[in-house]
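Enquirer: Return atomic coordinates for the entry below.
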Amino acid sequence: MGNHSASWARGRLLAVALGTLVLAPAGCGGKSKQVQNPSEVKGDTTAQVPEVDPSLCEAEGKDVDSYDLNGDDKPDVWKLFKLEKASGGTSRILTCKQADLNFDGKKDYVVAFNDQGGILFEKFDFDFQKGFDAFYKYEEIEGEKAKSALYEVQRDSNFDGKYDIVEKYDTKTGQLTEVQRDTNGDLKPDVWEQYENGQLVAILYDDEPYDGKVDRREEIKKEDDADKPADAGKVPAGQEGASPAATGSEPAPK
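Expert: Numbering: from 1, shown residues only. Reported below is the predicted structural model:
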């Protein structure tokens, strides 16, 4: 796929993610069906006519509306609804949305919702290859379940099918608080970036042999402390070989 097509598809992906894309039902008069059992749906995203993938979000007992974005009579977006009885009849509650934005039969985007419409998680495939490249996790805001707050993002920075970056966010302010990086591909973080008020203040390193302990700490000058000398290089006295917890971060995985 050329750069223009890739850019167009990425734009579509973001439009679906933001809910701004106008969706036309697939086929004449739309296409809706109820999935009785996830085992009856193959979930094969490489099939000629793709269907809902039950491995991406709960599909059992859901109403499914499908939409055709490119007019080829094959569905590209699926919206899943939970049916609930109400005083006036039956209501449909949106629980999940799946999308294939470059029309290759593979899901590029999925988002799940709670009963009040708050986002539970999102997954993105930015390079349109097999597997998702970013996993956004949200938590419900107490007393406001229709709203949710981002608390963690996992990223596959080199598109090898493994998440190698974890970002953590303050759910009250939305600011970045920490970034964990796996630089050697062993699925364990060996670099920890610490943030205050969204600004990078320190970087901790676990050097070879990558034993899960901090070998050195680099203090980062704040913008308002540009004239002050920064401590860089060694871990402060008494903290040599300490885990990230000793310097304010999470313990290294064992």
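
Enquirer: Please make it C-alpha for all contacts and neighbour counts, starting now.
Expert: Fine.

Enquirer: Flag the shaky bits of the stretch 151-254 of the chain, pLDDT-wise.
Expert: Low-confidence segments of the stretch 151-254 of the chain, defined by pLDDT under 70, span residues 223-254.

Enquirer: where along the protein do the helices fall?
Expert: Taking DSSP state H as the criterion, the chain carries its helices at 3-18.

Enquirer: In it, what residue spans correspond to strands?
Expert: With DSSP state E as the definition, the chain shows strands at residue ranges 31-35, 62-67, 77-86, 89-99, 109-113, 119-124, 134-141, 144-155, 165-169, 176-181, 191-196, 199-205, 216-219.

Enquirer: now these as JSON lines including mean neighbour count?
Expert: JSON lines is the format used below for the strands of the chain (neighbours: other C-alpha atoms under 10 Å):
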{"stretch": "strand 31-35", "mean neighbour count": "15"}
{"stretch": "strand 62-67", "mean neighbour count": "22"}
{"stretch": "strand 77-86", "mean neighbour count": "18"}
{"stretch": "strand 89-99", "mean neighbour count": "19"}
{"stretch": "strand 109-113", "mean neighbour count": "23"}
{"stretch": "strand 119-124", "mean neighbour count": "22"}
{"stretch": "strand 134-141", "mean neighbour count": "18"}
{"stretch": "strand 144-155", "mean neighbour count": "18"}
{"stretch": "strand 165-169", "mean neighbour count": "20"}
{"stretch": "strand 176-181", "mean neighbour count": "21"}
{"stretch": "strand 191-196", "mean neighbour count": "20"}
{"stretch": "strand 199-205", "mean neighbour count": "20"}
{"stretch": "strand 216-219", "mean neighbour count": "20"}
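
Enquirer: so can I have TSV of those showing distance to residue 55?
Expert: As requested, the strands of the chain are exported to TSV (distance: least, C-alpha to C-alpha, whole Å):
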stretch	distance to residue 55
strand 31-35	13
strand 62-67	14
strand 77-86	13
strand 89-99	11
strand 109-113	11
strand 119-124	13
strand 134-141	15
strand 144-155	19
strand 165-169	23
strand 176-181	27
strand 191-196	32
strand 199-205	36
strand 216-219	41
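
Enquirer: Select, out of those, the one closest to residue 53.
Expert: Closest of the strands of the chain to residue 53 is strand 89-99, at 8.1 Å (criterion: C-alpha to C-alpha).

Enquirer: In its sheet, which strands sit next to that closest one, and in what direction?
Expert: Partner strands and pairing direction for strand 89-99 (DSSP bridges) are strand 77-86 (antiparallel), strand 109-113 (antiparallel).

Enquirer: which outside residues touch the longest one?
Expert: For strand 77-86, contacts defined as C-alpha atoms under 8 Å, 6 or more residues apart in numbering pick out 52, 59, 61-69, 90-100.

Enquirer: let's see 7 Å
Expert: The set of residues external to strand 77-86 that reach it, using C-alpha atoms under 7 Å, 6 or more residues apart in numbering, is 52, 62-68, 90-100.

Enquirer: need the contact list for the closest residue to residue 98 other than its chain neighbours.
Expert: Closest residue to residue 98 in three dimensions, ignoring its sequence neighbours and counting by C-alpha to C-alpha, 6 or more residues apart in numbering: residue 110, at 4.4 Å. Contacts for residue 110 were tallied using C-alpha under 7 Å, 6+ apart; they are 97, 98, 99, 122, 123, 124.
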